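A.B. asks: Just the structure for this:
(one chain, ligands or ions: 1)
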Amino acid sequence: MSEKNTLTIIDNRTGKQYEIPIQNGAIRAIDLRQIKLSQDDFGLLSYDPGFENTASCKSSITFIDGEKGILRYRGYPIEELAQKSTYLEVAYLLIYGEMPSKAQLQEWIRNITLHTMVHENIKKFMDGFHHDAHPMGMLVGTLGALSTFYPDAKDIFDMQSRTKQIYRLLGKMPTMAALAYRHSLGMPYIYPDNDLSYTENFLNMLFKPSPSTKYDPDPVLSKALDVLFILHADHEQNCSTNAMRSVGSSYADPYSCAAAAAAALYGPLHGGANEAVVRMLKEIGSVDRISEYLEQVHAHKKLLYGFGHRIYKNYDPRARIIKELAYKVFEVTGKNPLLDIALELERIALSDEYFLSRKLYPNVDFYSGLIYQAMGFPASMFTVLFSVARMAGWLAQWQEEILDKEQGIARPRQIYIGPATRSLQ
Ligand code: ACO
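C.D. replies: Modelled structure (predicted):
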């Protein structure tokens, strides 16, 4: 192998040769601009719809090796974090780069817990939604509305202000998610209980039958939810994180950025996929109808939701942990009747040429919906749960981006293919 870390390009249109540096396995797209037909030529662009092969940033938060099925946060394997840490520890790790000491963790939990309450007007805002509004739509709207409550959040280059918004967003996400859920059922809102853990408090605000009734969140379920939150906490430059960073690059406040990120997560090709998985499993209905469904997938008439990933071309490591977790949850809740269909579907798909040749394996969403459903969540809440967990990653990525001196406003180029100049008669 040569010592030279460069790429030589010969432009066959002009015969000119260019030497472009390679750094971290990448060339800088801007280096292509020197490749011109003439002095007044704009220069060569790279065309990459869907950013399939474009790194938009340097990041030290999350590492994924999609071919090997590896996921690490700040260097720690996801399997270890799921087993030995809690969601709030992981949130700290993602945002600050190191696991918290005991004292740092206590302070971190205290500060987040202090910010679990929402302004009473947020409740009124929530009341304004129609009774059958999708909870994800309510969450997106309410996140955006929070920016009007905290104008200090505009001060994004003040570290103390940023830290406060981070406490607020992590603290209030479960509260707003629970408000959206209770609103959709017409049930009275439950205030946060600061004596409970992050996920116990969340379950309490969701499922406590009424403000006057006692409710003890099941420890197995609150632990399972905590693990699910860890698994969903970050996933490098996915669609919603890209939205968070993109809006953040214009120096908008973090609430507006988070509303954009949540909106991106809402789509069925991203966070909405676990809702689509449950719908798909219901549509299949029984194990003997799986082959009929797969025939439609082979014919490109249907997708096998919960399969395939832009990055993972191997088993998604999160899916493996979630599958194991499902059995623990079902011991408490009883087995989800859709599980047998999911297991058989996975078994068949993993030996089916269509999926093998395209490297389509189960992703994080294949089993998570089954757990959520067994825990009593309607499908419309699945993406809301994902958003609560992903807030840690969005915030870590947003902070990294605005402090990155190499970043400017996200403003891609285009290749114009519309009409040339013309004039009205
Ligand atoms: N079912 C059936 N076929 C699929 C699936 C699937 N789930 N996923 C990809 N394919 C096929 C495509 O039709 C295409 O086939 P072709 O080459 O014959 O045209 C080939 O596999 C490549 O697919 P792309 O869409 O180009 O792959 P890409 O990396 O762009 O898409 C995506 C990734 C969007 C996740 C896709 O696999 C998909 O739609 N999956 C189902 C939705 C889903 O589960 N999303 C959750 C992802 S995880 C997350 O966001 C948290």
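A.B. asks: In the stretch 201-350 of the chain, which residue sits closest to the ligand?
C.D. replies: Proximity of the stretch 201-350 of the chain to the ligand (C-beta to the nearest ligand atom) peaks at Gly308, 2.3 Å away. Glycine gets a C-beta too; all of them are placed from N, C-alpha and C.
A.B. asks: Model confidence for the residue lying closest to that residue once chain neighbours are set aside, exactly?
C.D. replies: Nearest residue to Gly308, sequence neighbours excluded (C-beta to C-beta, 6 or more residues apart in numbering): Leu360, at 4.3 Å. For Leu360, the pLDDT comes out at 94.
A.B. asks: contacting residues for Leu360?
C.D. replies: Leu360 sits next to 304, 307-308, 349, 354 when contact means C-beta atoms under 8 Å, 6 or more residues apart in numbering.
A.B. asks: Quick check: it is in a strand.
C.D. replies: No - checked against DSSP: H, G, I helix; E, B strand; the rest coil, Leu360 lies outside a strand; its state is coil.
A.B. asks: Around the ligand, pick out the residues from the chain.
C.D. replies: Selection of the chain residues close to the ligand by C-beta under 6 Å from any ligand atom yields 269-271, 273, 297, 300, 303-310, 358, 360, 363-365.
A.B. asks: Can you turn the buried part of these into a PyMOL selection?
C.D. replies: The buried residues among these can be selected in PyMOL (16 or more other C-beta atoms under 10 Å) with this line:
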select buried, resi 270+271+273+297+303+304+305+306+307+308+309+360+363+364+365
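A.B. asks: mind listing the strands for the chain?
C.D. replies: For the chain, strands defined by DSSP state E occupy the ranges 6-11, 16-21, 62-65, 70-73, 76-77.
A.B. asks: Among these, which comes closest to Ser222?
C.D. replies: strand 70-73 (21.3 Å; C-beta to C-beta).
A.B. asks: Can you name every helix or strand that that closest one contacts?
C.D. replies: strand 62-65, helix 78-84, helix 87-96, helix 317-333 (3 or more C-beta pairs under 8 Å, 6 or more residues apart in numbering; DSSP states H and E).
A.B. asks: Look at the residue of the stretch 201-350 of the chain closest to the ligand and report its pLDDT.
C.D. replies: pLDDT at Gly308 comes out at 93.
A.B. asks: Verify the contact between it and Tyr354 for me.
C.D. replies: No - with contacts counted by C-beta atoms under 8 Å, Gly308 stays clear of Tyr354, the gap being 11.0 Å.
A.B. asks: Leaving out sequence neighbours, find the closest residue to Leu105.
C.D. replies: Using C-beta to C-beta, 6+ apart, the closest residue to Leu105 is Glu89 (6.2 Å).
A.B. asks: Over to Phe377?
C.D. replies: Closest to Phe377 by C-beta to C-beta, 6+ apart is Leu385, at 6.9 Å.
A.B. asks: quick one: Leu203 and Leu225 touch, right?
C.D. replies: Yes - using C-beta under 8 Å, Leu203 makes contact with Leu225 at a distance of 6.9 Å.
A.B. asks: The two - which one has more neighbours?
C.D. replies: Leu225 (29 against 22; other C-beta atoms under 10 Å).
A.B. asks: what about the residue nearest to Ala396 when sequence neighbours are not counted, distance to Pro100?
C.D. replies: Nearest-residue entry for Ala396: Leu94, 4.0 Å, with adjacent residues in sequence omitted and distances by C-beta to C-beta, 6+ apart. Here the criterion is C-beta to C-beta, to the nearest Å. By it, Leu94 lies 11 Å from Pro100.
A.B. asks: Next: Leu304.
C.D. replies: Taken as C-beta to C-beta, the span from Leu304 to Pro100 is 40 Å.
A.B. asks: again, but for Glu406
C.D. replies: To Pro100, Glu406 is 28 Å away according to C-beta to C-beta.
A.B. asks: Can you say which of the strands of the chain is nearest to Ala379?
C.D. replies: strand 70-73 (25.3 Å).
A.B. asks: about what we covered before: between Leu94 and Pro100, who's got more neighbours?
C.D. replies: Leu94 (22 against 18).
A.B. asks: pretty sure that one is touching Gly75, no?
C.D. replies: No - with contact defined as C-beta under 8 Å, Leu94 does not count as touching Gly75 (11.7 Å).
A.B. asks: Return the residues in contact with Ala177.
C.D. replies: Residues in contact with Ala177 (C-beta under 8 Å, 6+ apart) are 135, 139, 202, 206, 381, 384-385, 387-388.
A.B. asks: Tell me which of the helices and strands packed on strand 70-73 sits most buried.
C.D. replies: helix 87-96 (a mean of 23; mean count of other C-beta atoms under 10 Å).
A.B. asks: can you tell me the average pLDDT over that helix?
C.D. replies: Mean predicted confidence for helix 87-96 is 98.
A.B. asks: helices and strands around that helix, which ones?
C.D. replies: Packed next to helix 87-96, using 3+ C-beta pairs under 8 Å, 6+ apart, are strand 70-73, helix 102-114, helix 159-185, helix 198-207, helix 219-232, helix 382-402.
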